[in-house]
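Peer 1: quick one, fold the following:
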Amino acid sequence: MKGSCCSLTGPLTNLPVRQNLSVAVQLAAQKGRGAAVMVVKIGALTEINHWQGYEVGDRVIRTVMGRIEASLQENDFVGRLGGGHFLVFLNHGRQPDRLDERVQMLLTAVSEPMHFGGGPLLINASAGVSLMPEDAGNADELLRNAELALRTARAGCARFFSRDLQAHLAGYAEVRSAMVGALEREEFFLVYQPQVCAASGRMFGVEALLRWQSPTLGLVPPDRFIPVAENVGLMPQLGAWVLASACRQASLWRARGTPLRVAVNISASQLEDPQFANQVRAILGEQALPPALLELEVTESMLVGDVAECQRALEAIRQAGVKLALDDFGTGYSNLAYLRHFTFDTLKIDRLFTNAITGDSSGDTLVRAIVAMGSELGQDIVAEGVETPEQAEALRKLGCSRLQGYYFSRPVPAAEISMIPDVQFTSARSGSFLG
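Peer 2: Numbers count the residues shown, from 1 in each chain. Below you'll find the predicted structure:
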């Protein structure tokens, strides 16, 4: 059964592939052998079809099939499930300890760049794996479990099914169901975390942070509901609501004589919208808010892809007079060669580097390098996750422009922002309120 004949053709139901899987599972069970069902996904196939054409996409599919077949052993098989998804059945006999190695070797082989068309094609492959008999004893359950595992697999990695994963996905479904109509029912709200000017110790601005109070689930953490909102396509509407609400609040603070710059996180879907810059202009106009009092934050991962298109989107925002910040800097893909393509006003140092500041200077090196790079590019530096006075003082001395974290304040409702006091550093320097 090495190398299934149903690799590229077959009915839309994929019945031949599933029939082969049923037979393979039954044979393995009769002989008392362990096995694994692996679903491999080629994440870049849609983009390749779009940019390179379907003929190139078909060549990618054939190449992937060939690479998988070359990795198979006796009684293994591969079949195409449809699109960029492939089913692989792996017998591991009496050597289950080698299964991890086999899975990773197969994924590595599939992910090798392909050299045809206009240049090398990078294949973004991931996989979900379900084990027999540990996870299930029949073909349908094994395939379903492998597909569940695939949903949480990162690019280039394989994820094995587990009961904990099953519970996590059940929780995902629960959040997705509760989220239907939540925006219309006004269940979302904003809190604000201060950013303190390192030169003066005074509040420079705030970051607007989204929260969700569900009547059925209670207060749902952002890291639980935001991925769901992204996957179900809610982020454009939710992001527009956050932006309008934050600008409205910033306008109220300004009218009361306390102009604070408000930082708002935007999603990939917003950045990809060609009308987004116009939407930002419209909101600023409605709220009579000066553009310099709005800062939009993007993450490094949002900039991976079409560089020219990202440049166009970011430049349109900057032409509106709005500030741009690169969030979680240093944890993703950015480097000097990469950042030369984009113009940011602010770099936000991830809390990972802030936590390395311990007072003995051992964690200073990376922060000093980021500050030096930001200064070279004319950017302000914001350090996130500041939790102690020692960290605050060290980061100020290293040259960070603004500081943010629990040491100054937890995220609070807008009404409590005015109650947050200024900060007295050990050796405060002179500086204006707006840095």
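Peer 1: for the rest of this, base every contact and every neighbour count on C-alpha atoms.
Peer 2: Will do.
Peer 1: tell me where the stretch 201-350 of the chain has helices.
Peer 2: 222-231, 235-255, 268-272, 276-287, 307-319, 336-339 (DSSP state H, counting those that start in this stretch).
Peer 1: pick the most buried one from these.
Peer 2: Compared across the helices of the stretch 201-350 of the chain, helix 235-255 shows the largest average neighbour count, a mean of 19 (mean count of other CA atoms under 10 Å).
Peer 1: if we can go back for a sec, got JSON lines for the helices of the stretch 201-350 of the chain, with mean pLDDT and distance to residue 29 too?
Peer 2: Listed next are the helices of the stretch 201-350 of the chain as JSON lines, based on pLDDT from 0 to 100; distance: least, CA to CA, whole Å:
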{"stretch": "helix 222-231", "mean pLDDT": "90", "distance to residue 29": "37"}
{"stretch": "helix 235-255", "mean pLDDT": "96", "distance to residue 29": "46"}
{"stretch": "helix 268-272", "mean pLDDT": "88", "distance to residue 29": "46"}
{"stretch": "helix 276-287", "mean pLDDT": "96", "distance to residue 29": "56"}
{"stretch": "helix 307-319", "mean pLDDT": "88", "distance to residue 29": "51"}
{"stretch": "helix 336-339", "mean pLDDT": "58", "distance to residue 29": "52"}
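Peer 1: in JSON lines: these, plus distance to residue 181.
Peer 2: Converted to JSON lines, the helices of the stretch 201-350 of the chain look like this (distance: least, CA to CA, whole Å):
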{"stretch": "helix 222-231", "distance to residue 181": "12"}
{"stretch": "helix 235-255", "distance to residue 181": "11"}
{"stretch": "helix 268-272", "distance to residue 181": "20"}
{"stretch": "helix 276-287", "distance to residue 181": "23"}
{"stretch": "helix 307-319", "distance to residue 181": "30"}
{"stretch": "helix 336-339", "distance to residue 181": "39"}
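Peer 1: who touches stretch 88-104?
Peer 2: Stretch 88-104 is contacted by residues 21, 24, 28, 33-40, 72-79, 157-158 when judged by CA atoms under 8 Å, 6 or more residues apart in numbering.
Peer 1: quick check on those residues: which are buried?
Peer 2: Applying 16 or more other CA atoms under 10 Å to those, the neighbour count classes 21, 24, 28, 33-40, 72, 76-79, 157-158 as buried.
Peer 1: tell me which of the residues you listed fall in strands.
Peer 2: Among the buried ones among the contacts of stretch 88-104, DSSP state E puts 34, 35, 36, 37, 38, 39, 40, 77, 78, 79, 158 in strands.
Peer 1: which one of those residues is nearest to residue 391?
Peer 2: residue 158 (37.9 Å; CA to CA).
Peer 1: beta-bridge partners for the nearest residue to the closest one once chain neighbours are set aside, please?
Peer 2: Take residue 158 and drop its neighbours on the chain: the residue closest to it by CA to CA, 6 or more residues apart in numbering is residue 127, 4.5 Å away. On the basis of DSSP bridges, residue 127 is bridged to residue 40, residue 158.
Peer 1: tell me how many other residues surround residue 127.
Peer 2: 31 (other CA atoms under 10 Å).
Peer 1: list the contacts for it?
Peer 2: Applying CA under 8 Å, 6+ apart, the residues contacting residue 127 are 38, 39, 40, 41, 107, 149, 150, 153, 157, 158, 159.
Peer 1: biggest separation within those residues, which pair?
Peer 2: That would be 107 and 149, which, of the contacts of residue 127, are the farthest apart (CA to CA) at 14.9 Å.
Peer 1: do you know how far the most centrally placed residue in the chain is from residue 267?
Peer 2: In the chain, the C-alpha nearest the mean C-alpha coordinate belongs to residue 301, at 6.5 Å (CA atoms, centre = their mean). According to CA to CA, to the nearest Å, residue 301 stands 11 Å off from residue 267.
Peer 1: shared neighbours, those two?
Peer 2: By CA under 8 Å, 6+ apart, no residue touches both residue 301 and residue 267.
Peer 1: quick one: distance of stretch 193-206 to the chain centre.
Peer 2: 28 Å (CA atoms, centre = their mean, to the nearest Å).
Peer 1: just the terminal-to-terminal distance for that stretch.
Peer 2: 5 Å.
Peer 1: check stretch 343-353 too.
Peer 2: 23 Å.
Peer 1: name the residues that touch it?
Peer 2: 314-315, 323-331, 363, 366-367, 370, 374, 378-386.
Peer 1: what do you get for stretch 397-410?
Peer 2: 193-199, 204, 364, 367-368, 371, 380-389, 392, 395-396, 420, 423, 435.
Peer 1: let's see which of those residues end up in strands.
Peer 2: 193, 194, 195, 196, 197, 204, 380, 381, 382, 383.
Peer 1: of all those, which comes closest to residue 225?
Peer 2: For the ones in strands among the contacts of stretch 397-410, the nearest to residue 225 is residue 193 (19.7 Å; CA to CA).
Peer 1: give the contact list for that closest one.
Peer 2: Taking CA under 8 Å, 6+ apart as the test, what residue 193 contacts is 206, 207, 208, 209, 404, 405, 409, 410, 411, 412.
Peer 1: tell me which helix or strand of the protein sits lowest on mean pLDDT?
Peer 2: The helix or strand of the chain with the lowest confidence, counting by mean pLDDT, DSSP states H and E, is helix 336-339 at a mean of 58.
Peer 1: okay if I get the ones in strands among the buried ones among the contacts of stretch 88-104 as CSV plus distance to residue 137 and pLDDT?
Peer 2: Shown next, in CSV, are these (distance: CA to CA, whole Å; pLDDT from 0 to 100):
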residue, distance to residue 137, pLDDT
34, 10, 88
35, 10, 90
36, 11, 92
37, 11, 93
38, 15, 94
39, 17, 95
40, 20, 95
77, 18, 89
78, 19, 92
79, 20, 91
158, 21, 90
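Peer 1: okay if I get those as TSV plus distance to residue 296?
Peer 2: Putting these into TSV (distance: CA to CA, whole Å) gives the following:
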residue	distance to residue 296
34	52
35	49
36	46
37	44
38	41
39	38
40	36
77	49
78	46
79	45
158	34
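Peer 1: tell me, how many residues neighbour residue 425?
Peer 2: Neighbours of residue 425 using other CA under 10 Å come to 16.
Peer 1: I'd like the distance between the residue nearest to residue 158 and residue 104.
Peer 2: Using CA to CA, which is the criterion applied here, residue 127 is 9 Å from residue 104.
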